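Student: build me a model from this:
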Amino acid sequence: MPGCRVRFICCEKLGNSEIENEDAYLVPTISEIENETLLKFSVSDGATESSFSKEWADLLVSYFKDHSFSDENLPTTLDFARKSWLDKIEGIKLPWYAQEKVALGAFATLLGLTIDLKNLTWSVIAIGDSNLFVIRESNLIRSFPMNGPDEFGNTPYLLSSKHSQNLEIGSNILRCDGTVEVGDLMIIGTDAISAWLLSETLKKNRPWHNLVNLLGGEGYSKTDFVNWLNNKRFEGEIKNDDTTLIIIEIM
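Tutor: Numbering: from 1, shown residues only. Next comes the predicted model:
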């Protein structure tokens with residue numbers, strides 16, 4: 001039965017501190033990678049404009065691991081997550097204007113990937129503009145839910161900590177599945193890095209090779225990735241936004 005190698009990084013927006021990073025991610029533990037056949041990965045991009053979006057993003061990736069996100073169970077799962085979010089913040093003393101903002105709820109994207117190494121299959125759920133890429137024999141064979149850089153906008157549909165803000169959620173949940181083979185590369189990224197990947201692919205480049213090297217190639221470090229990312233930001237190739245990247249190699 002195949003296994004996998006996992007590399008990941010989460011970088012704050014240039015000019016922000018690490019504690020201002022509103023992205024969240026989930027990767028399996030080393031023990032889970034070595035012993036489990038069903039592995040879960042997820043990323044969530046908290047909306048800067050809403051209050052306590054980091055806490056909401058953290059809860060979403062945590063709930064993806066431990067709860068069902070099937071169509072049948074999703075409403076119940078989200079209800080539990082929303083209650084957990086309220087429990088986290090209700091004891092915090094806030095000025096009146098912050099209380100009004102909190103009443104509007106927190107917002108975040110979510111992309112959750114499940115890989116079944118026993119049956120060599122994968123499935124993904126996506127709400128918003130984080131993206132999955134499947135690369136086989138150095139070629140991009142699947143991009144989901146976005147297929148081109150022009151599909152990324154400024155107002156993606158977001159999961160909210162308030163049920164009243166997600167009344168049309170059913171039509172905004174996207175799902176996809178497929179098969180994996182030994183040697184496949186699967187990449188999950190939040191919107192900024194995902195848009196760049198698709199832009200480079202349109203130019204007939206294979207940008208995933210560079211990303212694999214930057215995240216674990218011999219002689220490379222996190223500093224190398226951050227320097228590379230900031231250069232791309234300065235050059236206008238990658239939007240200056242919190243950036244999370246997970247690379248999964250099927251071995």
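Student: so where is the stretch 101-250 of the chain shaky, pLDDT-wise?
Tutor: In the predicted model, the stretch 101-250 of the chain carries pLDDT under 70 at residues 217-219.
Student: go with 80
Tutor: Applying pLDDT under 80 to the stretch 101-250 of the chain picks out residues 216-220.
Student: can you pull out the strands in it?
Tutor: Applying DSSP state E, counting those that start in this stretch to the stretch 101-250 of the chain gives strands spanning 107-108, 110-116, 121-127, 131-136, 139-144, 159-160, 174-179, 185-189, 243-250.
Student: same for the longest one, what does it pack against?
Tutor: Right, the one you point to is strand 243-250. With contacts taken as 3 or more Cβ pairs under 8 Å, 6 or more residues apart in numbering; DSSP states H and E, strand 243-250 sits against strand 4-11, strand 23-26, strand 38-45, strand 185-189, helix 191-202, helix 208-214. For the C-beta atoms, the positions are set from N, CA and C on the backbone; glycine is no exception.
Student: got the contact list for residue 101?
Tutor: When contacts are counted by Cβ atoms under 8 Å, 6 or more residues apart in numbering, residue 101 touches 50-51.
Student: what's the most buried one of the strands of the stretch 101-250 of the chain?
Tutor: For the strands of the stretch 101-250 of the chain, average neighbour numbers computed from mean count of other Cβ atoms under 10 Å are highest in strand 107-108, which has a mean of 27.
Student: counting contacts, what elements does it pack onto?
Tutor: helix 53-66, strand 159-160.
Student: which residues touch that strand?
Tutor: By Cβ under 8 Å, 6+ apart, strand 107-108 touches 22, 24, 44-47, 49-50, 53, 56-57, 60, 128, 158-161, 165.
Student: equivalent analysis for stretch 85-95, please.
Tutor: 52, 55-56, 59, 102, 106, 161.
Student: ok, which pair from these is furthest apart?
Tutor: Largest separation among the contacts of stretch 85-95 by Cβ to Cβ: 59 and 102, giving 14.9 Å.
Student: with distance to residue 121 as new columns, can the helices and strands packed on strand 243-250 be given to me in JSON lines?
Tutor: Listed next are the helices and strands packed on strand 243-250 as JSON lines, based on distance: least, Cβ to Cβ, whole Å:
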{"stretch": "strand 4-11", "distance to residue 121": "14"}
{"stretch": "strand 23-26", "distance to residue 121": "19"}
{"stretch": "strand 38-45", "distance to residue 121": "10"}
{"stretch": "strand 185-189", "distance to residue 121": "12"}
{"stretch": "helix 191-202", "distance to residue 121": "23"}
{"stretch": "helix 208-214", "distance to residue 121": "21"}
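Student: closest one to residue 149 among the ones you listed?
Tutor: Minimum separation from residue 149 across those (Cβ to Cβ) falls at helix 191-202, 4.3 Å.
Student: buried set for that closest one?
Tutor: For helix 191-202, the neighbour count (16 or more other Cβ atoms under 10 Å) marks 191-201 as buried.
Student: so what's residue 40 up against?
Tutor: Each residue near residue 40 by Cβ under 8 Å, 6+ apart is listed here: 26, 28, 64-65, 112-115.
Student: can you give me the pLDDT of it?
Tutor: Residue 40 carries a pLDDT value of 98.
Student: distance check, it against residue 47.
Tutor: To residue 47, residue 40 is 23 Å away according to Cβ to Cβ, to the nearest Å.
Student: ok, residue 58 next?
Tutor: Distance of residue 58 to residue 47, computed by Cβ to Cβ: 14 Å.
Student: swap in residue 121?
Tutor: From residue 121 over to residue 47 (counting by Cβ to Cβ), the distance is 32 Å.
Student: secondary structure element holding residue 86?
Tutor: Assessed by DSSP states H and E, residue 86 sits inside helix 74-89.
Student: list the buried residues in that helix.
Tutor: If you call a residue buried by 16+ other Cβ under 10 Å, then helix 74-89 has these buried ones: 74, 77-78, 81-82, 84-85.
Student: any idea how far it is from the chain center?
Tutor: The chain centroid and the centroid of helix 74-89 are separated by 19 Å under Cα atoms, centre = their mean, to the nearest Å.
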